[in-house]
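1. build me a model:
(3 chains)
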Amino acid sequence: MMRLLKTYGTILLVFAGVGVLRLALPGAFLIHVTIFSIYTMAFSFLMGRLGLVSFGQPAYMGIAAYGTGLYLHYFGTNPLLGMMVGIIAGVAFAGVIGGLFVRLSSSYFTLANLALCAIGFFVFQRALVHITRGDTGLWYLGRMERWPLLNFRDPDHFLTFALIVAAGIWIVVKGLDRSVFGAACLAVKANERKLQFLGYNTYRIKWLGFVMANSIAAVAGTLYAVYFGFVSPAIMDVLRAPEVVVVGLLGGVGSLYGPLIGTFVYIAMQDLVSAIFVYWELVVGTMLVLVMMAGERGIASLLESAPRLLRMRARHDRSSAG
Amino acid sequence: MSVPELAGTVVIGLAMSAIFFMLSVGLSLSYGLMRIVSLDQFLYYSVGAYMTYVVTSQAGNFWLGLLTGVIASCTLALTVEKSLYRRIYEKGVMFSMITSYGVLLVGIGAIKYIWGLVPRPVMTPIVGHVSLLGTTLPVYRFVVIGLAVVLYIGLRLFLERTIVGKAIRAGIEDVDKTEGLGIDVYRIFTLVFLLTAGLSALAGGIHAPLIMVDPHMGLKIIATAFMIVIIGGLGSIKGTVVSSLLIGQVMAFGFTIWAPAAEMAPFVIMLLVFLIRPTGLYGSQYLRR
Amino acid sequence: MMGTGVDGAMIGGEAILGARGLTKRFGAMCAANSIDYHLGPKEMAGIIGPNGAGKTTVFNLLTGVYAPDQGSVFFDGREITRLSPQQRVKLGIRRTFQLASTFDNLRVIDNLRLAYYHKQRQGRCSLGGMCSADLGEVRDESIDECLEQLELSKAAHLPVASLPLGSKRKLELAMALIGAPRVLLLDEPFAGLSEMEIGQIVAMLRHRCTRRMAVLIIEHKITWLKDLVDRISVLVNGEIIADGDYQTVLDSPVTRKSYWRVE
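-> This is a model prediction of the structure:
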């Protein structure tokens, strides 16, 4: 028990800290940060651990959001059950698509996901318009059940709920990072052929990693669906696909807190910038180029390496003085 | 389906194939030679279309507009290549993909800023119709098809008959060896990049009268263009031709049956190809760096 | 002398790894031309040849990276021509690569742990098991022993990316040895190393492999193999032109003519 607390205590502290920020910051901002950081974690898991870059993340998030939305619009009123439906839809979809996609080499993988996203958008916007009601979207905010302890329409209730979910995901990811599977994922990223020659089935490892990452995206999708009480095709717009790439790279891929830090900075900036600037593509695009040119290291890795760099500098100074 | 309907659909499909070919052959070529996936090509596609729109509506000459579009796009592409790609080439496909997506987004933002969000129509330069197998079809579609055929032949002659073309082909096979022969590969990279951008701009300008120009036009075609490149196999010109022809027909026939099917069919074909060949129809498994 | 026979009976009997009529073409180039080769169960053998002779192609054919155009591969009396690389690893065929091939983003010890974990699970390497197994809990004497023997104990917790080439090669060898292979294929294990590092690797091979497993080493230079292997074959233009012990091969007129180009 103590050992578990020692391993995972930091995560609980960090997300409790985000909750405490509620005293100073608006609830909507913190909710957005929490959900988006979960979504970014999905991207970071794929790129940082498996070395796969997906330009189609919105598709996996969108499928789950629509799972929840369709359930709450047509069938039930229980938001938790709706979330379950959405997550199951997202995981099943990722399982099937993953079986095909993880066989592809990295360039094919990225582009195939981009195509998937475009097609997903089209399907929900037009092909299934009689079910999804196209751009009008599905509305069900008033239909969702409310309980005394958990009322999704109360921002503070929702923030608490989202933070607990996020902390749970971070704990799972950290656990995986420490497991043999986590090491195998990194090994696939570094040298897939070598791992095959150690006897591992890399196809299955990549498939499971892919499904895990997209399950995380699915959780983010269902959280959005119950938070807004509304879902429309805009959630899987191809235009929004690079957003998560920017945020992921900004925070630093593969690091545990990178997605949270990146999201925090990005959304704060977006809120400040969009008030004066309508052409957000200019901002996101420029940031993407700058982050890449800066060496794709991300804020989190800069923060992590700063103390070591300082120590090295100090040692260097001492040795050159002596 | 009657004969006139059939003929009409085939021609519409061929015209689509022509535009897809212009747009995707450069992507495939630059992947083969430089190992980059250059998503900013869709910006040059949009710029080509917008310049055609501007010149056609101001000066009234479509062909001049097309030329302006190509020149403007190549200038832009040269700037991007010199300032960004020089640092990208060494870093791998992923890097080029993400960075060029950034460039594309900046471009879309700039287009929105200059021309606004409203789609603009472009006048068709040739308004005549011809009769074929009992149906009348616009001459412009035949011009589009003819232009693509000319471009394809020109490209083949360029790659097979000229020294530079031979150097490009050698580079696709083995860049290091080509460099060893004392050829400045970076100059060839620049050339192929500009060639790709020129073709993209041409595709944009030619496509403009058939659709309307709008800021998101590049993003609307990006998925289809890449599905074509992927189905054919990255790096294979032959594959690009085959899959352009295939997808053009599939989409044209799809439209006559159920419109949404036309959009989804290429994706289904892509998945089917992946089941059999994860590297596309003509893609090489060994083409990696 | 072991393993030089070409008849089928011998494959079932003595040789652990064998090739018959192995042919592979890349376009017009014939990288392997009807190669017959047999390796005894505890034999330590070498293949030498100039660059581009097809040495690595032979390894890729034996380990299942390429499928041969013609011919077949045998292991322990059964044909394995159609088996995937992974299935061959399960049988006990391990290899190293010409470019030191390790997981640069992991720590030295975690590289070894990954290699050990698979061996420990013996083909029951389920995804669920991998997720619930803590990497830090994967411990074994053989890991520590390997680290010590290769003088990597101090570097155990450093990322592999920070190691010099020599240490990476040693690590790769250790990863292969931890899997307790029955056949070990080494692709130019000495390339780019200092005399001292080569000495360490030779000592490790002698200590860990002699009389325990079959070892096949590809080398560009014959000198390093002199005191190590029982038998040397010479590969030129995809064909084995000479085969025998060190001195026989060195003195053979065929070798002198086509390998050293002296009359």
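
2. what residue ranges in the chain score low on pLDDT?
-> Unless you meant another one, I'm taking chain A. Across chain A, the ranges flagged by pLDDT under 70 are A:275-278, A:295-322.

3. let me rephrase: I mean chain B.
-> Within chain B, the set of residues satisfying pLDDT under 70 comprises B:284-289.

4. show me where it has helices.
-> According to DSSP state H, chain B carries its helices in the segments B:3-34, B:41-59, B:62-80, B:86-88, B:93-115, B:139-161, B:163-173, B:175-180, B:185-207, B:217-232, B:237-257, B:259-276.

5. just put the ones you listed in JSON lines and tack on distance to A:Pro259.
-> All C-beta spots, glycine's among them, are computed from the backbone N, C-alpha and C. What follows is the helices of chain B, written out as JSON lines (distance: least, C-beta to C-beta, whole Å):
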{"stretch": "helix B:3-34", "distance to A:Pro259": "30"}
{"stretch": "helix B:41-59", "distance to A:Pro259": "28"}
{"stretch": "helix B:62-80", "distance to A:Pro259": "30"}
{"stretch": "helix B:86-88", "distance to A:Pro259": "25"}
{"stretch": "helix B:93-115", "distance to A:Pro259": "16"}
{"stretch": "helix B:139-161", "distance to A:Pro259": "44"}
{"stretch": "helix B:163-173", "distance to A:Pro259": "38"}
{"stretch": "helix B:175-180", "distance to A:Pro259": "36"}
{"stretch": "helix B:185-207", "distance to A:Pro259": "34"}
{"stretch": "helix B:217-232", "distance to A:Pro259": "25"}
{"stretch": "helix B:237-257", "distance to A:Pro259": "37"}
{"stretch": "helix B:259-276", "distance to A:Pro259": "29"}
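
6. of those, which is nearest chain C?
-> Minimum separation from chain C across the helices of chain B (C-beta to the nearest C-beta) falls at helix B:163-173, 10.3 Å.

7. the closest one near chain A anywhere?
-> No. With C-beta under 8 Å from any C-beta of the partner chain as the criterion, chain A is not reached by helix B:163-173; the gap is at least 15.3 Å.

8. can you dump the C-alpha coordinates of that helix into CSV?
-> As requested, C-alpha coordinates have been extracted for helix B:163-173 and formatted as CSV (Å, rounded to 0.1, in the frame of the first residue of the first chain):
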residue,chain,number,x,y,z
ILE,B,163,20.4,13.7,-67.6
VAL,B,164,18.6,15.4,-64.7
GLY,B,165,15.8,12.9,-65.1
LYS,B,166,18.2,10.1,-64.9
ALA,B,167,19.8,11.5,-61.9
ILE,B,168,16.4,11.7,-60.2
ARG,B,169,15.7,8.1,-61.0
ALA,B,170,19.1,7.1,-59.7
GLY,B,171,18.4,9.1,-56.6
ILE,B,172,15.1,7.3,-56.0
GLU,B,173,17.0,4.0,-56.1
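
9. which helices and strands sit right next to it?
-> Applying 3 or more C-beta pairs under 8 Å, 6 or more residues apart in numbering or on different chains; DSSP states H and E, we find helix B:163-173 packed against helix B:3-34, helix B:139-161, helix B:175-180, helix B:185-207.
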